[in-house]
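everything below, folded, please.
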Amino acid sequence: MTYIVTDACIRCKFMDCVEVCPVDCFYEGENMLVISPDECIDCGVCEPECPPEAIKADTESGLEKWLSVNAEYAKSWPNIAQKGEAPADAKEMQGVPDKFEKFFSPNPGSGS
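Next up is the predicted model:
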């Protein structure tokens with residue numbers, strides 16, 4: 001099992017999860033984070049720290065797409081180990097449907 005980040009993170013990117021991760025397995029894209037499934041130790045401390053509830057256990061039904069997205073982008077985006085600034089409109093973006101199709105960016109973030 002591993003934890004993964006879903007599209008609920010897109011344009012929210014609060015990054016509270018990054019600070020609690022004991023193995024620094026988060027990677028930063030331009031407008032979302034992903035978790036490296038190869039590095040995650042399944043501790044689960046990140047899940048309750050996510051305000052938009054974007055972090056899920058990969059054992060939940062229907063998350064196969066997100067496991068693939070996390071694995072793919074963790075290979076090319078920079079590692080992030082310190083909390084950064086959330087986007088100015090992060091709270092307004094919570095709960096917006098179809099965020100992957102509308103807003104996802106494959107571009108890397110700045111990392112830490």
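
three-state assignment of the nearest residue to residue 69 once chain neighbours are set aside?
Leaving aside its chain neighbours, residue 69 sits nearest to residue 34 (6.6 Å; criterion: CB to CB, 6 or more residues apart in numbering). For glycine as for every other residue, the C-beta is placed from the backbone atoms N, C-alpha and C. Reducing the assignment at residue 34 to three states with DSSP: H, G, I helix; E, B strand; the rest coil gives strand.

any weak-confidence spans in this protein?
Of all residues in the chain, none has pLDDT under 70.

hang on, the earlier thing: so the residue nearest to residue 69 sits against residue 77, correct?
Yes - contact criterion CB atoms under 8 Å: residue 34 and residue 77 qualify, at 6.7 Å.

okay, now residue 44: neighbour count?
12 (other CB atoms under 10 Å).

overlap in contacts, residue 34 and residue 77.
Taking CB atoms under 8 Å, 6 or more residues apart in numbering as the contact rule, residue 34 and residue 77 both touch residue 27.

these two: which is more packed in?
Counting neighbours by other CB under 10 Å for residue 34 and for residue 77 shows that residue 34 has the greater number, 25 against 22.

who's that one bridged to?
residue 27 (DSSP bridges).

dump the residue contacts of it.
Taking CB under 8 Å, 6+ apart as the test, what residue 34 contacts is 4, 5, 26, 27, 69, 70, 73, 74, 77.

counting neighbours, what do you get for the third one?
Other residues near residue 26 come to 27 when the count uses other CB under 10 Å.

tell me the contacts of it?
Contact analysis of residue 26 by CB under 8 Å, 6+ apart lists 17, 18, 33, 34, 35, 36, 46, 79, 80, 81.

most neighbours among those residues, which one is it?
Result: residue 33 is most packed of the contacts of residue 26 (other CB under 10 Å), 28 neighbours.

how close does residue 94 get to residue 56?
16 Å (CB to CB, to the nearest Å).
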